[in-house]
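Peer 1: I would like to see how this sequence folds:
(4 chains)
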Number of protein chains: 2
Amino acid sequence: MPARVTTLKELAASLDLSITTVSRALAGHEQIALKTRERVAKAARLAGYVPNTAARTLVSGRSGFVGLVLPIRGPNLVDSFLGEFVTGLGEGLVSHGADLILATAALDQSELSVLRHVVESGRADGVVVTRIAEVDARLTYLRQRGFPFVAHGRLLDNGFAYNWLDTDGARAFGEAFDMLYDLGHRHFGLVTISEPMTFRHLRQDGLAAAIGRRGDPSVRLDVVTAPRFDRGARIQAVNRMLQDPDRPTAIVALFDELALTVMEEAARTGLTVPRDLSVIGFDNIVASAYAPPGLTTFDASIRQCAREIADMLLTIITDKPAAPLTRVIRPTLVPRASHGPVPQARS
Amino acid sequence: MPARVTTLKELAASLDLSITTVSRALAGHEQIALKTRERVAKAARLAGYVPNTAARTLVSGRSGFVGLVLPIRGPNLVDSFLGEFVTGLGEGLVSHGADLILATAALDQSELSVLRHVVESGRADGVVVTRIAEVDARLTYLRQRGFPFVAHGRLLDNGFAYNWLDTDGARAFGEAFDMLYDLGHRHFGLVTISEPMTFRHLRQDGLAAAIGRRGDPSVRLDVVTAPRFDRGARIQAVNRMLQDPDRPTAIVALFDELALTVMEEAARTGLTVPRDLSVIGFDNIVASAYAPPGLTTFDASIRQCAREIADMLLTIITDKPAAPLTRVIRPTLVPRASHGPVPQARS
DNA sequence: CACCTGATTTAAAACGTTTGCATTTTTACC
DNA sequence: GGTAAAAATGCAAACGTTTTAAATCAGGTG
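Peer 2: Sure, this is the predicted structure:
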């Protein structure tokens, strides 16, 4: 077992062929005699030859890597989708022989600066950008740079053409409303966030559109807002809604973490879900299955999204399609036990 | 804004200096005049110069990457620690200016073959290997290859010197026993797995050692085993233990997933935790906080472990210490509501 | 037997850095 | 003003590939 890495030069020498021929033989070029190709392939296998990535990248301009920037948000805050997302990306990439680079943005670094570094150092052939904000400097940079990328999520500005994949939150929230309406609910609550993320609009608009479609003037919607990562403020906001004597009978939360807070606070203040209150979330995080009585939610299929994003990105890198690629994933309802018929009139 | 990447040659030309000087100036060599260094630094900043990774790697032999192999285990199975682990690694690496490469092993690929590819293509300066089995071909390969690595977990064979970091499962299981013993429990159950992972021995041995230390012959321990990823078999094994009329009053599970199954099955069969049965897990996965009544467990501090692993690995890469680095992390008890005093004699 | 054609193979340049060694420039001293 | 030493800069090779353009070879033809 050689402790050294076999190089093309050594392999060529051992075969009494030129580097050129060996390189071409391994690449499977037709112009190299078939028996030479076979001879080279066998020798390469025996020697355990693996081409040097740096050298290959340098000359070909292709690294075979796709980049993802991982922001560190705080000492105890881990992106709850990261595992699934990364797994999906890996899955999508491996079938094309590509690998993932995870570049970390420390607390004091902007995600954009790390992204620039990844792009400009030539480490990656394309990048994936997640959690798109309403206006997002990363996309502006990538587009003007002409660098291949796929966004997971959308901008607010539709005039800006780019490649994206997104879950159809609008549709899901519409479905949630319809389901709850059919269960007799008329007074709805929406718990949302204050950060300028596009998905909050899409989902809220989806809810509003569904309400509009019913044309029932008795339907009411209360909205309460909290900062995304501030647990204290979130609890406070939720309680503002729950403590109201005229509180909604059904609460839709922008995503599961918020819905779980609603359920916890409801339990803490003596409300029984779903008897007194229906709650619906979005994302289907693992905890949602365990939190009593089991949160009804929509599965965002993060892993599948990531897999498709990887496919899209590799298509963009190799085929350079003229028109941007876009794709909408339909979330599926995961009915559990946190929703039910509207409670009868309260005393 | 240039769509092209600035190269050292261009930068040198614009400064009317040689490539050599510019390279050295940016590297901060003392031999370059201070004012030249400053002039170059400024121009580089202005031009947005970022050195090409491939070229640098090729000549220096250092890629600035650390590798991790991500195995795809199944369409719906995601490594529950992946997010935390990767975040910790990123955190540890970023402070040294290194980045992470995630190489995916498809279902039909061995993790070892992917690992070899990463190592031999020169993509990484070192690798992290997780979930060490009792006997692990990956470590054998890496050692004979002389490639820098840190293992998260241990081998059964202690004669084999290598760099590792592990959580002190033995200690935690000892603590769990002591706590339960002091609550009056004398009949214990251990739910463990059949896969040849070293940690199952360490934890079980820790439990046995604590039992031995008490020297109380009335203490009994039942052990039940299930395959790790087979949910059906797991449920069956747990029920074998729970249905026994002479069942344990306290069950310790090798890790949280198993403990959650115990709690679910207990609830399903009419047992109330912790009144009728105490349950303790290990890992502190997110769901453990939500699963009623709240699982008492040990926090394995995956993120912190990963951060330290990154530090260890970078130390190994740069300093090449003669003796292997090893580190034991002490897990901390997370007391929740799934443990309590031994139930009074049953009818 | 010289020549042409098509099939194989090869030499050499290029990718963008780092670095050993040589060269040029500056400084200090007489 | 000349010289030696010190300081600063530059030349060129090297890293391991891919690729362009050219060279060689074998086989058939006239």
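
Peer 1: for DNA strand D, what's its nearest residue on the stretch 1-150 of chain A.
Peer 2: Proximity of the stretch 1-150 of chain A to DNA strand D (C-beta to the nearest atom of the strand) peaks at A:Leu8, 2.7 Å away. Where you see a C-beta, it was placed from the backbone N, CA and C, and this is true even at glycine.

Peer 1: quick one: the residue lying closest to that residue once chain neighbours are set aside and A:Ala25, what's the gap?
Peer 2: If the residues on either side of it in the chain are set aside, A:Leu8 comes closest to A:Ile19, at 5.4 Å by C-beta to C-beta, 6 or more residues apart in numbering or on different chains. A:Ile19 is 11 Å from A:Ala25, where distance means C-beta to C-beta, to the nearest Å.

Peer 1: so how many other residues sit close to the residue of the stretch 1-150 of chain A closest to DNA strand D?
Peer 2: 17 (other C-beta atoms under 10 Å in any protein chain shown).

Peer 1: repeat for A:Pro321
Peer 2: A:Pro321 has 11 nearby residues by other C-beta under 10 Å.

Peer 1: could you do A:Val286 as well?
Peer 2: 17.

Peer 1: list the buried residues of stretch A:277-295.
Peer 2: Applying a neighbour-count criterion of 16 or more other C-beta atoms under 10 Å in any protein chain shown, one finds A:277-291, A:293-295 buried in stretch A:277-295.

Peer 1: mark which of these are part of helices, please.
Peer 2: Residues of the buried residues of stretch A:277-295 located in helices (DSSP state H): A:Val286, A:Ala287, A:Ser288, A:Ala289, A:Tyr290.

Peer 1: of these, which is the nearest to B:Leu314?
Peer 2: Nearest to B:Leu314, judged by C-beta to C-beta, of these is A:Val286 at 31.8 Å.

Peer 1: need the contact list for that closest one.
Peer 2: B:Ser80, B:Ile285, B:Val286, B:Ala287 (C-beta atoms under 8 Å, 6 or more residues apart in numbering or on different chains).

Peer 1: can you give me phi and psi for A:Asp246?
Peer 2: Main-chain dihedrals, A:Asp246, degrees, to the nearest 10: phi -100, psi 60.

Peer 1: try the one 4 residues further on
Peer 2: Dihedral angles phi and psi of A:Ala250 (degrees, to the nearest 10) take the values phi -140, psi 130.

Peer 1: is it true that it touches A:Val191?
Peer 2: No: if you go by C-beta atoms under 8 Å, A:Ala250 and A:Val191 don't touch, sitting 11.6 Å apart.

Peer 1: can you verify my assumption that A:Pro324 contacts A:Ala161?
Peer 2: Yes: contact criterion C-beta under 8 Å: A:Pro324 and A:Ala161 qualify, at 4.8 Å.

Peer 1: neighbour count winner among those two?
Peer 2: A:Pro324 (14 against 10).

Peer 1: quick one: that one from DNA strand C, how far?
Peer 2: 27 Å (C-beta to the nearest atom of the strand, to the nearest Å).

Peer 1: who's in contact with that residue?
Peer 2: A:Ala161, A:Tyr162, A:Asn163, A:Trp164.

Peer 1: restrict these to the buried ones and give me that as a ChimeraX selection.
Peer 2: To isolate the buried subset of the contacts of A:Pro324 in ChimeraX, counting by 16+ other C-beta under 10 Å, use the following:
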select /A:162,163,164
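
Peer 1: pLDDT score for A:Thr36?
Peer 2: At A:Thr36, the pLDDT value in this model is 94.

Peer 1: what is the burial count for it?
Peer 2: Other residues close to A:Thr36 by other C-beta under 10 Å number 15.

Peer 1: the helix or strand harbouring it near chain B anywhere?
Peer 2: Taking DSSP states H and E as the criterion, the element that holds A:Thr36 is helix A:34-47. No: with C-beta under 8 Å from any C-beta of the partner chain as the criterion, chain B is not reached by helix A:34-47; the gap is at least 10.7 Å.

Peer 1: got a list of contacts for stretch A:169-187?
Peer 2: Outside of stretch A:169-187, the residues within contact range by C-beta under 8 Å, 6+ apart are A:188, A:199, A:202-207, A:209-211, A:213-214, A:216, A:218-220, A:222, A:246-250, A:252, A:278, A:280, A:282, A:298, A:330-331, A:333, A:339-342.

Peer 1: mind listing residues that contact stretch A:20-39?
Peer 2: A:Leu8, A:Leu11, A:Ala12, A:Leu15, A:Leu17, A:Val40, A:Ala41, A:Ala44, A:Tyr49, A:Pro51.

Peer 1: what of stretch A:242-253?
Peer 2: For stretch A:242-253, the external contacting residues (C-beta under 8 Å, 6+ apart) are A:173, A:176-177, A:180, A:183, A:185-191, A:207, A:220, A:222, A:241, A:259, A:261-262, A:265-266, A:269, A:271, A:277-282, A:339, A:342-343.

Peer 1: avg pLDDT for that stretch?
Peer 2: 96.

Peer 1: same question for stretch A:55-74.
Peer 2: Averaging the model's pLDDT scores along stretch A:55-74 yields 96.

Peer 1: buried residues of it, list them for me.
Peer 2: A:55-58, A:63-72.

Peer 1: can you tell me the distance between the two ends of it?
Peer 2: One end of stretch A:55-74 sits 37 Å from the other (C-alpha to C-alpha, to the nearest Å).

Peer 1: so how far is that stretch off the chain centroid?
Peer 2: Offset of stretch A:55-74 from its chain centre (C-alpha atoms, centre = their mean, to the nearest Å): 18 Å.

Peer 1: hmm, that stretch touching DNA strand D?
Peer 2: Yes: for stretch A:55-74 and DNA strand D, the contact criterion (C-beta under 7 Å from any atom of the strand) is met by A:Ala55, A:Arg56, A:Leu58, A:Val59, A:Ser60.

Peer 1: how about the contacts made by the residue of the stretch 1-150 of chain A closest to DNA strand D?
Peer 2: A:Ile19, A:Val22, A:Ser23, A:Tyr49, A:Pro51.

Peer 1: let me know how buried A:Val262 is, in neighbour terms.
Peer 2: 30.

Peer 1: residues in contact with it?
Peer 2: A:Val191, A:Val238, A:Leu242, A:Ile251, A:Ala253, A:Val279.

Peer 1: mind checking the backbone torsions on the residue in the stretch 201-347 of chain A that DNA strand D sits nearest to?
Peer 2: Nearest to DNA strand D, among the residues of the stretch 201-347 of chain A, is A:Thr318, at 13.1 Å (C-beta to the nearest atom of the strand). Note on A:Thr318: backbone dihedrals following degrees, to the nearest 10 are phi -90, psi -40.

Peer 1: one more: A:Phe65?
Peer 2: Dihedral angles for A:Phe65 - degrees, to the nearest 10 - are phi -120, psi 150.

Peer 1: for it, give the beta-bridge partners.
Peer 2: Beta-bridge pairing for A:Phe65 (DSSP bridges): A:Asp99.

Peer 1: so it makes contact with A:Ile101?
Peer 2: Yes: the criterion here is C-beta under 8 Å, and A:Phe65 meets it with A:Ile101 at 4.8 Å.

Peer 1: overlap in contacts, these two.
Peer 2: Residues touching both A:Phe65 and A:Ile101 (C-beta under 8 Å, 6+ apart): A:Arg123, A:Ala124, B:Ile101.

Peer 1: which of those fall in strands?
Peer 2: B:Ile101 (DSSP state E).

Peer 1: let me know the closest of the shared contacts of A:Phe65 and A:Ile101 to A:His96.
Peer 2: Looking across the shared contacts of A:Phe65 and A:Ile101 and measuring by C-beta to C-beta, the closest to A:His96 is A:Ala124, at 13.8 Å.

Peer 1: phi first, then psi, for that closest one.
Peer 2: Dihedral angles (degrees, to the nearest 10) for A:Ala124: phi -130, psi 150.

Peer 1: surely it and A:Arg116 touch.
Peer 2: No: A:Ala124 sits out of contact with A:Arg116 when judged by C-beta under 8 Å, with a separation of 11.8 Å.
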